[in-house]
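Q: got a structure for you, letters missing:
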Ligand SMILES: NC(=O)c1ccc[n+]([C@@H]2O[C@H](COP(=O)([O-])OP(=O)(O)OC[C@H]3O[C@@H](n4cnc5c(N)ncnc54)[C@H](O)[C@@H]3O)[C@@H](O)[C@H]2O)c1
Ligand SMILES: [Zn+2]
């Protein structure tokens, strides 16, 4: 049984919902922040909507799904596959879902990625929205329009970029989120602060995981600021030609480690961010790698690790961010300012060997 957070439970704050609309290249997305699932019926027509969720979320919040048409999937990355997509499509056909149907992904990143993908191909594309329920999905996976599935060992191999119609936040879901998933979410939050927001970085240094888990207003505001940071980066570069690459901070070594060791995504990118900060010191004269490591440790994330440098470099060479003999590497100029630097592979290999 997973550990759950048993501090003061978060509530729905009905009066404080904020609606913001963000424009992307060919669509706009409504963000309903600090709202709650009870507002969903005002956003979509219940009779023409199908909720897609997973067993963990459904079992922990069954009452909140009452009267909604639901498809409940098995939880976990191993189900983020075409077989699950086919299963969902069969169920949609059985439910007589048509072009007017809206799909709503209520879950972590696996559910939002699958929902966006199914909605993009079912009847050549129907409307979809998200209620992210993991911290990681709230600050990262639900934002930016990347939807898709894994194929064998290849993560996110098949998919499409298409924006949801809306994203609705409901902090109540976090009451059942396992501790490890809080840490995964905080790894991406620290990433956002490191590349974009020195003030948030400082706030994180002054506070702690316990502080955020117990305080409705703090976690709500932190989630909103993070969702907005990612949204703005994506708005500037929806199809990942430049600025969006900053979101890969910590993910180059991180992905290579995740492939080879038993690490969660958050742990892998925490180690990746630590080393990217050290590389930033070597290449750009970044002065504060110690501050990055200290913050990660404060949020129970790993930093320096003993790993097979040569093996990691071999995997890393195959990364999507490689362009011929150079690697686009995300580095820090200072806290709050990430930059993309092209590093020749030969130099990168030497640096990694020295780490
Ligand atoms: N599309 C994007 O831009 C993007 C960005 C980052 C990550 N992702 C994808 O997101 C996925 C990771 O997201 P994730 O960490 O949310 O994974 P996940 O969906 O697997 O959720 C993690 C675990 O937490 C459970 N869970 C979620 N919300 C819960 C809640 N409120 N209460 C209890 N349990 C809950 C899930 O059932 C699961 O077991 C990966 O597949 C990744 O590729 C996509
Ligand atoms: Zn990530």
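A: Happy to help now that I have it. All values reported here derive from a predicted model rather than from experimental measurement. Ligands and ions are numbered 1, 2, ... in the order given.
Q: could you pull out the strands for this protein?
A: Using DSSP state E, the strands of the chain run over 18-24, 27-33, 49-54, 70-73, 102-107, 127-132, 146-151, 154-161, 166-168, 322-323, 326-334, 337-344.
Q: as CSV, those with mean neighbour count would be great.
A: Heads up, the C-betas are built off the backbone N, CA and C, glycines and all. Output for the strands of the chain, formatted as CSV (neighbours: other CB atoms under 10 Å):
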stretch, mean neighbour count
strand 18-24, 13
strand 27-33, 18
strand 49-54, 24
strand 70-73, 19
strand 102-107, 28
strand 127-132, 26
strand 146-151, 20
strand 154-161, 14
strand 166-168, 24
strand 322-323, 12
strand 326-334, 20
strand 337-344, 16
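Q: what about the ones you listed, which gets the closest to ligand 1?
A: Ligand 1 lies closest to strand 146-151 among those, at 3.8 Å (CB to the nearest ligand atom).
Q: lowest average pLDDT across the strands of the chain?
A: Among the strands of the chain, strand 322-323 has the lowest mean pLDDT, at a mean of 78.
Q: hmm, who's touching it?
A: With contact meaning CB atoms under 8 Å, 6 or more residues apart in numbering, strand 322-323 is reached by 328, 342, 345.
Q: give me the neighbour count for whichever residue of the stretch 201-350 of the chain sits closest to ligand 1.
A: The stretch 201-350 of the chain approaches ligand 1 most closely through residue 265 (6.5 Å), counting by CB to the nearest ligand atom. Residue 265: 19 surrounding residues under other CB atoms under 10 Å.
Q: now do the one 4 residues further on
A: The burial metric for residue 269, expressed as a neighbour count using other CB under 10 Å, is 29.
Q: that one against residue 189, yeah?
A: No. Using CB atoms under 8 Å, residue 269 is not in contact with residue 189, being 11.3 Å away.
Q: wait, residue 256 sits on residue 316?
A: Yes. Because the distance of 4.4 Å satisfies CB under 8 Å, residue 256 is recorded as touching residue 316.
Q: what's across from the residue nearest to residue 326 when sequence neighbours are not counted in the sheet?
A: Of all residues not flanking residue 326 in the chain, residue 342 sits nearest, at 4.5 Å (CB to CB, 6 or more residues apart in numbering). With DSSP bridges as the criterion, residue 342 is bridged to residue 328.
Q: contacting residues for residue 342?
A: Residue 342 neighbours (CB under 8 Å, 6+ apart): 323, 326, 327, 328, 329.
Q: 10 Å instead, please
A: 321, 323, 325, 326, 327, 328, 329 (CB atoms under 10 Å, 6 or more residues apart in numbering).
Q: pick the one among those residues closest to residue 39.
A: Nearest to residue 39 among the contacts of residue 342: residue 321, at 38.7 Å, using CB to CB.
Q: quick check: the closest residue to the closest one other than its chain neighbours vs residue 342, distance?
A: Among residues not flanking residue 321 along the chain, residue 328 sits closest, at 4.6 Å (CB to CB, 6+ apart). According to CB to CB, to the nearest Å, residue 328 and residue 342 sit 6 Å apart.
Q: surely residue 40 touches residue 51?
A: Yes. Between residue 40 and residue 51 there is a contact at 8.6 Å, judged by CB atoms under 10 Å.
Q: between the two, what contacts are shared?
A: By CB under 10 Å, 6+ apart, the residues touching both residue 40 and residue 51 are 68, 104, 106, 131.
Q: please identify which of the strands of the chain is closest to residue 94.
A: Using CB to CB, the strands of the chain put strand 70-73 closest to residue 94, at 10.0 Å.
Q: what is the neighbour count of residue 67?
A: 7.
Q: could you list every residue that touches it?
A: 41, 46.
Q: who touches both of residue 256 and residue 316?
A: Going by CB under 10 Å, 6+ apart, residues that sit against residue 256 and also against residue 316 are 272, 352.
Q: beta-bridge partners for residue 148, please?
A: Under the criterion used (DSSP bridges), residue 148 bridges to residue 159.
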